[in-house]
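Asks: just the structure for this:
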Amino acid sequence: MKGICFMLACFMAFSVGLYGQEALSIDDIIGMVKAKLRSRTIIQKVNISTMESAPSADDIVKLKKAGASRRIIEAVLAAPVTGPSVAPATSSTRPSPAPWTTSSTMAPSKPEATSPEPTSGGLEKGAYSHFEVFGGYSYFRGDGGSNLHGWNSAFVQNINQRIGLIVDVSGHYGTPTAPLLDAQRNHTFLFGPQFSFRAHPRVIPFAHGLFGFSHVNVGLAGVFTSDVGLAYGFGGGVDIKISDKLSVRAAQVDYINIRIAGVGSNNIRMSFGIVAGL
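Replies: The predicted structure follows:
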């Protein structure tokens, strides 16, 4: 079915280019959009043609639902009309724009979107997924010089292309340098905002603030004791997109302060792994 739509849209575009001025309908424009023709090609066809009738508010909604870009909608609004207009006549004597007038010289009658809609996570600039899941290796440098190894995972809900909410969970394990201590297990459960900078289609820097609690389990001479304390921190990193829904977290560095029994410790956590868009 998609192949038939594509052939019909291509035939219609060829006909417009061959015979010059030809009245187009909103359905014609929607057909070209659904056939995945490039926006530049569709705009060129609109600019050398006319519209059967002036587009109504419902027509603009149909174009947006079909996936038409803002530039295509502006070109349709700027195109001259050969048929009757659905809008009431006004006293304005402003002439209709020439077919060759580009959309950049016409003011759109509809307000422009202030923030791009979430996509499937494509490689275009500013694209993002509603949800992202991260998982990978993590290294924890304790305040007392202990070196712990483990994992770090995170779930992010993106509110828009810049702001998201993160749930961060990590676990680290190892043997501290302090005498008599057998082993140490540290789990953190953190929450907070995350800010992403999507100026580049592949390289996505981010920063976040984290707040929550930490559960520490320490073995002393074969006896393990555990305690829970507050934890907070901040940090960031860089994701490198390798496909529309898959990224590599090249680096993430966080400062984490843990307070247990009124005593605070300053720690550094470094992580890297895979990010999947949902």
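Asks: tell me where the stretch 101-250 of the chain has strands.
Replies: 131-141, 147-158, 163-174, 181-196, 203-220, 223-241, 246-260 (DSSP state E, counting those that start in this stretch).
Asks: of all those strands, which one is nearest residue 62?
Replies: Closest to residue 62 of the strands of the stretch 101-250 of the chain, according to CB to CB: strand 147-158, at 27.6 Å. For the C-beta atoms, the positions are set from N, CA and C on the backbone; glycine is no exception.
Asks: for the closest one, buried residues please.
Replies: For strand 147-158, the buried set under the neighbour-count rule, 16 or more other CB atoms under 10 Å, comprises 148, 150, 152-156, 158.
Asks: do the same with stretch 65-81
Replies: 66, 68, 71-81.
Asks: for the residues you listed, work out which two are farthest apart.
Replies: 66 and 80 (22.3 Å).
Asks: and residue 250, what does it touch?
Replies: Applying CB atoms under 8 Å, 6 or more residues apart in numbering to residue 250 gives the contacts 237-240, 272.
Asks: for residue 193, state which of the residues you listed is nearest.
Replies: residue 237 (15.1 Å).
Asks: pairing partners for the nearest residue to the closest one once chain neighbours are set aside in the sheet, please.
Replies: Once flanking residues are discounted, residue 237 sits nearest to residue 252: 3.3 Å by CB to CB, 6 or more residues apart in numbering. On the basis of DSSP bridges, residue 252 is bridged to residue 237, residue 271.
Asks: surely residue 252 touches residue 268?
Replies: No: using CB atoms under 8 Å, residue 252 makes no contact with residue 268, being 11.3 Å away.
Asks: neighbour count winner among those two?
Replies: More crowded of residue 252 and residue 268, by other CB atoms under 10 Å: residue 252, with 23 against 15.
Asks: returning to that earlier point: just the buried residues of the contacts of residue 250.
Replies: 237-239, 272.
Asks: and residue 38, what does it touch?
Replies: The contact partners of residue 38, by CB under 8 Å, 6+ apart, come to none.
Asks: how close does it get to residue 136?
Replies: 38 Å (CB to CB, to the nearest Å).
Asks: what does residue 207 give?
Replies: 18 Å.
Asks: compare the two (neighbour count), which wins?
Replies: The residue with more neighbours, out of residue 207 and residue 136, is residue 136; 16 against 13, by other CB under 10 Å.
Asks: hang on, the earlier thing: adding mean pLDDT and distance to residue 33, write the strands of the stretch 101-250 of the chain out as TSV.
Replies: Converted to TSV, the strands of the stretch 101-250 of the chain look like this (pLDDT from 0 to 100; distance: least, CB to CB, whole Å):
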stretch	mean pLDDT	distance to residue 33
strand 131-141	96	27
strand 147-158	95	26
strand 163-174	95	30
strand 181-196	90	29
strand 203-220	92	28
strand 223-241	92	25
strand 246-260	95	27
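Asks: out of these, flag the one nearest residue 49.
Replies: Using CB to CB, the strands of the stretch 101-250 of the chain put strand 223-241 closest to residue 49, at 37.7 Å.
Asks: many thanks, have a good one.
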